[in-house]
Each structure stands twice: as structure tokens, then as C-alpha cells.
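**Q** One predicted model, sequence on top.
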Amino acid sequence: MPSLPLLQIGQHIARYPIIQGGMGIRISGAHLAAAVANAGGIGIISAVALGLNSPYFDITQPSRKRREQFFEANRLALIDEIRAARALSPNGILGINAMVVAQDYETLVRTAAQESVNLIISGAGLPLQLPEYTLAYPEVALVPIVSSTRAARIMCRKWERQYGRLPDAFVVENPNSAGGHLGAKLEELGDLTNEAEQVIPELVSYLKQEVGESIPVIAAGGVWDRADIDRMLALGASGVQIGTRFITTDECDADIRYKEFHLHAKPEDVVIISSPVGMPGRTLRNAFVNKVIAGSPDVEKRCLFNCLHACKCRDEQKSFCIIQALDKATRGDIENGLVFSGSNAGRAKQMIPVAELMAELVTSSKATCFAN
């Protein structure tokens, strides 16, 4: 079997074309990101609400003080996480994933650039101003997440016209199989035009023929094993982003109960909910999700942090506090929290080290690690 190609994004060259997906809150933190980077991939820290479970934040503060403290805690905790990852992986390629819809998005991006991360991946909205926030740090690669060529075209035109630059890569998320927040409307999920076989060749062709640049396209959503990686590369992708599979690793930063919940999941446990962010989300069914789907009055609709630009919980007193729900789950309260997952949930059979998983991904076309 041919070896996998290197992956160059901006000035940074990874030994393997594998990016570990950013998963929050504190699911992909310093330990997971560093382990992936040390194994030759690109490790990503999720920048979402890191301050919540940090020494910088006191949730018992009055609401206004709590919200002000929350954003500063996020900034300080992100610095800690990046520095911890770099101490664990001095020579690896490390980045963050930041959500455009977050109120402190600009602060988190600027902070990460100042801390010399190698790349910034940005989704949950189009990061139209990302180059402005990182202008003083040209060595930091900028990677928007899109789900269509149309979105990529908007990004290229806006960035080139306003900032005189193009993205260093695109992550193309397949909303039909990705985990967490999805870049498609609820009624668009399942549409075959969203599939990698349609979007990746089209986007690669657009970038080469109309933009005139060989900008790497990274396939995300539903990638599980070497066969999936080879399939994405054959479509024209330069690499892949993998999220869910890294959850059932020793180094994943989530509570062991969170990881075991994924380990014991079944494919039929994967469901779609409406997130207060205004996007559909793919998650695992539990007591909390059952209440959300049923519209139960037992689901608390109190905004605790004012963390989003647009939020149905805060603005319409609908849905739930997304940060609180994610935080509960990642701390181990998996029945009362939100457990995001991709469509491959249920395929993991055991917990393994990241190095073992990476070795399997780059050397075999069959998922031998998790078989039998």
C-alpha cells in the first residue's frame, strides 16, 4: 500500500495528512492535541469555553459579574491550554478551533495567534474577518470550515479583496455525517449534494481553475479508517479531519465516563437536535436529549454566560444553555449533558492510545484496531 502524503498548510508540514477535530468543551484539549501532533498529525485544541472549568472562573458570581469573568477566564484558560500542549509537543503542529458565533471569538483568535499556534480552524459561521485578527502573525495558517463550494467562493473573494490573501486550506464538512454543529439546515441533511463525492472534486476544481491556487482541501465528517482516508484523497482532498474516533483514546481530555459513553454507543443512538446556536447538531441520545426532542418543560432555558452572538436560549427563552449542557457531559454527567458525536458512533470497541490509533490509520486499509 502506498504511504500517505505529507500535508502542508501554510508554512507547516505534517508527516501525515490527518487533522484531529476540535471538540469542546475540553474534549480536545492539550493532552489530545499534543498526542496527535507527536504522532505526526495536526493536533487541535477546541477554544470553546475553556474558562468554565478553570481557576479563573466562579459560577456563583452575580450574573453580570459572572459573564464578564467568563470571557476573561476563557482567554486565560486558552493561554494555559496552548502552553500545556506546546510543552507536551515542542515540535508538533498545533492549532485551535474557534467558533465564529462566540461572543469572544475575536479575543480567542487574537490570543491564539499571540501564543504562536501554527494554525487556526474556524467554523460555525463564515470567518470573514479572520485575517484582520491575525494580521501581525502571517506565520499562523488560517483554515475556514465550509460545507459547499459556494461558501468557499465567498471566503476567497472577501479575503482577497479586503486582505489581499487567501485561506491556507479549507476544511470541508459533510453535514450528513459530521458530529456537533452542522453547516446545513435541518431539511438539507441527507441531501446527496452534501456528500464528499460531490463537494470535494467541485471545490478542488474551483480552487485550481478559478482561483488559480492549489489550496489544500481537508475532508471532514464520517472519516473513520485508512480506507476512508484513501477514498477522500482519491476524490482530490489533501487530507482529512477526524473527530469522533479520537474520543475513545487514552489522551482524550474528557472525563472517562464521557469516553465510555461513546465506547458503548450504538449506531441507532445517533440523533439530530436543534441547537440554540441556530444550527442542527448531531449527538448521542441520552436522558437530556430525549427531553430536548420532546420539548419537555424540565429543560432549563436560562442563559448563564451570554456566550453567543445569536442564541435561542437567551433571545427567545427556547432550547437550552449550550455551554452548560456541553460542560456537564464532558465532566462526566453524561445523562444530563449534551454528547456530540459523528455518524460513526458505535464502531469503537476499546480505548487505545493515540499513537496506536495513528499507527493504524496510516498503515492499514482495514480498521484492525477496533475489529472483533
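**A** Arrived safely, thanks for sending.
**Q** what about the residue nearest to residue 301 when sequence neighbours are not counted, distance to residue 5?
**A** Using C-beta to C-beta, 6 or more residues apart in numbering and skipping the chain neighbours, the partner closest in space to residue 301 is residue 317 (5.1 Å). Heads up, the C-betas are built off the backbone N, CA and C, glycines and all. Plainly put, residue 317 is 50 Å away from residue 5 if you go by C-beta to C-beta, to the nearest Å.
**Q** So if I had to pick from these two, which one is more boxed in?
**A** residue 5 (13 against 10; other C-beta atoms under 10 Å).
**Q** Next, that one: secondary structure please.
**A** With DSSP: H, G, I helix; E, B strand; the rest coil as the basis, residue 5 sits in coil.
**Q** Surely it and residue 233 touch.
**A** Yes. Counting by C-beta atoms under 8 Å, residue 233 is a contact partner of residue 5 at 7.4 Å.
**Q** overlap in contacts of these two?
**A** Between them, residue 5 and residue 233 share these contacting residues under C-beta atoms under 8 Å, 6 or more residues apart in numbering: residue 17.
**Q** How many residues are close by residue 75?
**A** There are 18 residues near residue 75, going by other C-beta under 10 Å.
**Q** give the contact list for it.
**A** Counting by C-beta under 8 Å, 6+ apart, residue 75 touches 51, 104, 107-108, 111.
**Q** what about it, helix or strand, and which?
**A** Using DSSP states H and E, residue 75 sits in helix 63-88.
**Q** buried sites along that helix?
**A** Buried positions in helix 63-88, judged by neighbour count with 16 or more other C-beta atoms under 10 Å: 66-67, 69-71, 73-78, 80-82, 84-86, 88.
**Q** now swap in stretch 274-283 and tell me
**A** 275-283.
**Q** Quick one: mean pLDDT over that stretch.
**A** Mean per-residue pLDDT for stretch 274-283: 90.
**Q** so how far is that stretch from its chain's centroid?
**A** On the basis of C-alpha atoms, centre = their mean, to the nearest Å, stretch 274-283 sits 14 Å off its chain's mean C-alpha point.
**Q** Using PDB, write out the CA atom coordinates for it.
**A** C-alpha atoms of stretch 274-283 as PDB (Å, rounded to 0.1, in the frame of the first residue of the first chain):
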ATOM      1  CA  SER A 274     -31.900  21.800  17.100                       C
ATOM      2  CA  SER A 275     -29.100  23.700  18.900                       C
ATOM      3  CA  PRO A 276     -29.600  27.100  20.500                       C
ATOM      4  CA  VAL A 277     -26.900  28.300  18.100                       C
ATOM      5  CA  GLY A 278     -29.400  28.100  15.300                       C
ATOM      6  CA  MET A 279     -27.900  25.000  13.600                       C
ATOM      7  CA  PRO A 280     -28.800  21.300  13.800                       C
ATOM      8  CA  GLY A 281     -26.400  19.200  15.800                       C
ATOM      9  CA  ARG A 282     -25.600  15.500  15.700                       C
ATOM     10  CA  THR A 283     -25.500  14.000  19.200                       C
END
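**Q** what does it contact?
**A** Identification of contacts with stretch 274-283 by C-beta under 8 Å, 6+ apart yields 101, 124, 175, 178-186, 189, 270-273, 289, 308, 310-314, 318-322, 338-343.
**Q** Give me the buried entries from these.
**A** Buried members of the contacts of stretch 274-283, counted by 16+ other C-beta under 10 Å: 101, 124, 175, 178-184, 270-273, 289, 308, 311-314, 319-322, 338-343.
**Q** In space, what's closest to residue 238 - neighbours in sequence excluded?
**A** residue 216 (3.7 Å).
**Q** can you check residue 154 too?
**A** residue 126 (6.5 Å).
**Q** That neighbour and residue 148 touch, don't they?
**A** No. Between residue 126 and residue 148 there is no contact under C-beta under 8 Å: 11.1 Å.
**Q** what residue ranges in the chain are flagged as low confidence?
**A** For the chain, the stretches flagged by pLDDT under 70 are 1, 364-372.
**Q** now the helices: where do they sit in it?
**A** 30-38, 63-88, 105-114, 130-133, 149-163, 196-206, 226-234, 256-263, 287-294, 312-316, 322-330, 354-363 (DSSP state H).
**Q** Can you lay out the contacts of residue 75 as CSV showing distance to residue 62 and neighbour count?
**A** What follows is these, written out as CSV (distance: C-beta to C-beta, whole Å; neighbours: other C-beta atoms under 10 Å):
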residue, distance to residue 62, neighbour count
51, 17, 22
104, 20, 21
107, 22, 18
108, 24, 25
111, 26, 21
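**Q** Check those against residue 21 and report the nearest one.
**A** residue 108 (17.2 Å; C-beta to C-beta).
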